[in-house]
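1. The following block contains a protein sequence and its predicted model.
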Amino acid sequence: MRALVLTDFHQLDLVETWRPEPGPGEVLLRVCATGICGSDVHGFTGDNGRRAPGQVMGHESSGTIAALGDGVDASVLPLGAPATFNPVVVPEELLERYRDREQHAPGKQVIGVAQQVQASFADYVMVPARNVLLLDAAMPLHLGALIEPLAVAVHAVGLARPRTDETVLVVGGGPIGQSVVLALQRAGVRDIVLSERDPSRRELVEALGVTALDPSAGPLAEQVGEVLGGAADLAIDAVGLSPTMSDALASTALGGRVVLVGMGSPRLELPAFAISTEERAIIGSFTYSARDFAAAATWIGEHVEQATPLVSSVIDPAQAHEAFTALAAGQGPAGKILVRFDQEELGA
């Protein structure tokens, strides 16, 4: 089979390797498509310290069930069925204790991050059966690769607990910000504005039915006030840099909430008085629970037309190095790039 190996930082090679065989309790998925996540790009460059040369990355995927290990019920996970996988793998003995907060479990592994695990930039990926979710057979299979980023957004919006009559600012119009817009719409929120410098991303976001603002055109808080008639009740920062958090705080009402889901920097400078004296709350959000992931999978299956615009490009694995290089240089399409693995005959 083929796999994309990070042979060195800034170097991704398509190589031939052996197809894995599922052990007890495991499922082998034939990968259809895998999305390029911002964390994969930071792994490609070596910036985040969470990927290493020799690794096969990838965690936003869809495919079909190719083989079952011993003990896996074929009536529950049938061969050939369309499926995806939740990449957050919790030790089996901790499943009950950390139910609905699996991302907090000690000893968890994240497929695509764990360096010793071959992940899903490959023709096949092996995952625990308990992490496999079947997909709606009527949904275009490649769209299953959008479930993971949408799950991140569903979790962030769930932590924010917006009321349907609240106003919301989303900071950042990349794939996570785009997913946050969908998650807010899923939650019934109507008054949404989004801040994004890139004009092509603003155009994509406006196609989703929200107002997109250019933060370089003037103070964001003033722009938000003009569109919403006042400061936002809630802001969700999908970038995670000091300037974007400052914008989020400045653009929310006194007593408002800011959810930090973007991971643009490991350290931030914050305007402390905008938090303390103006009683704003900052809520951290990371990955998702299994319930969030399942909710995202169900929603995409039922809202294909809303999810489809998030895919800007579908490429062959041989084009992946070029795509990663462009993204690392700050160049790329407005939405998600999917690497499609199921369009050629497979090798060994």
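-> In hand now; what should we look at? Numbers count the residues shown, from 1 in each chain.

2. what's the average pLDDT for stretch 87-104?
-> Taken as a whole, stretch 87-104 has a mean pLDDT of 96.

3. I'd like the distance from that stretch to the chain centre, please.
-> 19 Å (CA atoms, centre = their mean, to the nearest Å).

4. Can you show me the CA trace of it as PDB?
-> Presented in PDB, the C-alpha positions along stretch 87-104 are these (Å, rounded to 0.1, in the frame of the first residue of the first chain):
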ATOM      1  CA  PRO A  87      -8.800   9.600  16.500                       C
ATOM      2  CA  VAL A  88      -8.900  10.100  20.300                       C
ATOM      3  CA  VAL A  89      -8.200   6.600  21.600                       C
ATOM      4  CA  VAL A  90      -8.800   6.100  25.400                       C
ATOM      5  CA  PRO A  91      -7.500   3.100  27.200                       C
ATOM      6  CA  GLU A  92     -10.300   0.600  27.500                       C
ATOM      7  CA  GLU A  93     -10.200   0.400  31.300                       C
ATOM      8  CA  LEU A  94     -10.800   4.200  31.400                       C
ATOM      9  CA  LEU A  95     -13.800   4.400  29.000                       C
ATOM     10  CA  GLU A  96     -16.500   4.500  31.700                       C
ATOM     11  CA  ARG A  97     -14.700   6.900  34.000                       C
ATOM     12  CA  TYR A  98     -14.100   9.400  31.200                       C
ATOM     13  CA  ARG A  99     -17.300   8.900  29.300                       C
ATOM     14  CA  ASP A 100     -18.300  12.200  27.600                       C
ATOM     15  CA  ARG A 101     -14.900  13.800  28.500                       C
ATOM     16  CA  GLU A 102     -12.600  11.300  26.700                       C
ATOM     17  CA  GLN A 103     -10.200  14.100  25.800                       C
ATOM     18  CA  HIS A 104      -9.300  14.400  29.500                       C
END
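
5. That stretch: which residues count as buried?
-> Of the residues in stretch 87-104, Pro87, Val88, Val89, Val90, Tyr98, Glu102, Gln103 count as buried by neighbour count, 16 or more other CB atoms under 10 Å. Placement of C-beta: from N, CA and C, glycine included.

6. which one is the fourth one nearest to, not counting chain neighbours?
-> For Val90, ignoring the flanking residues on the chain, the nearest one in space by CB to CB, 6 or more residues apart in numbering is Ala105 at 4.4 Å.

7. Kindly provide the distance from the nearest residue to Ala207 once chain neighbours are set aside to Val339.
-> With CB to CB, 6+ apart as the criterion, Ala207 has its nearest non-adjacent residue at 5.4 Å, and that residue is Pro309. The gap separating Pro309 from Val339 is 19 Å, by CB to CB, to the nearest Å.

8. how about the helices of the stretch 201-348 of the chain, start to end?
-> 220-228, 242-250, 272-276, 290-302, 304-307, 320-328 (DSSP state H, counting those that start in this stretch).

9. and Gly262, which of those is closest to it?
-> Judged by CB to CB, the one of these that comes nearest to Gly262 is helix 242-250, at 6.9 Å.

10. packing partners for the closest one?
-> strand 167-171, helix 220-228, strand 232-237, strand 252-260, helix 272-276 (3 or more CB pairs under 8 Å, 6 or more residues apart in numbering; DSSP states H and E).

11. Can you pull the phi/psi pair for the residue nearest the centre of the chain?
-> The residue lying closest to the centre of the chain (CA atoms, centre = their mean) is Pro149, at 2.1 Å. For Pro149, the backbone dihedrals (degrees, to the nearest 10) come out as phi -60, psi -30.

12. Leaving out chain neighbours, which residue sits closest to it?
-> Ser179 (4.7 Å).

13. And for Pro175?
-> Among residues not flanking Pro175 along the chain, Lys336 sits closest, at 5.0 Å (CB to CB, 6+ apart).

14. At which residues are the strands of the stretch 51-200 of the chain located?
-> Taking DSSP state E, counting those that start in this stretch, the strands of the stretch 51-200 of the chain run over residues 60-68, 82-85, 88-89, 109-110, 124-128, 132-134, 167-171, 191-195.

15. Looking at those strands, which is nearest to Val117?
-> When the strands of the stretch 51-200 of the chain are compared by CB to CB, strand 109-110 sits nearest Val117, at 6.6 Å.

16. Against which helices or strands is the closest one packed?
-> Applying 3+ CB pairs under 8 Å, 6+ apart, one finds that strand 109-110 makes contact with strand 88-89.

17. residues in contact with the strand it packs on?
-> 102-103, 108-111, 127-128, 131, 287-288, 290, 293 (CB atoms under 8 Å, 6 or more residues apart in numbering).

18. Ok, stretch 144-153 next?
-> Against stretch 144-153 from outside (CB under 8 Å, 6+ apart): 32-35, 37, 59-63, 82-84, 86-87, 133, 135, 175-176, 179-180, 182-183, 261, 285, 287-288, 292-293, 295-297, 299-300, 307, 310-311, 336, 338.

19. Among these, the buried ones, what's the PyMOL command?
-> Filtering these down to the buried ones (16+ other CB under 10 Å) takes a single PyMOL command:
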select buried, resi 32+33+34+35+37+59+60+61+62+63+82+83+84+86+87+133+135+175+176+179+180+182+183+261+285+287+288+292+293+295+296+297+299+300+307+310+311+336+338
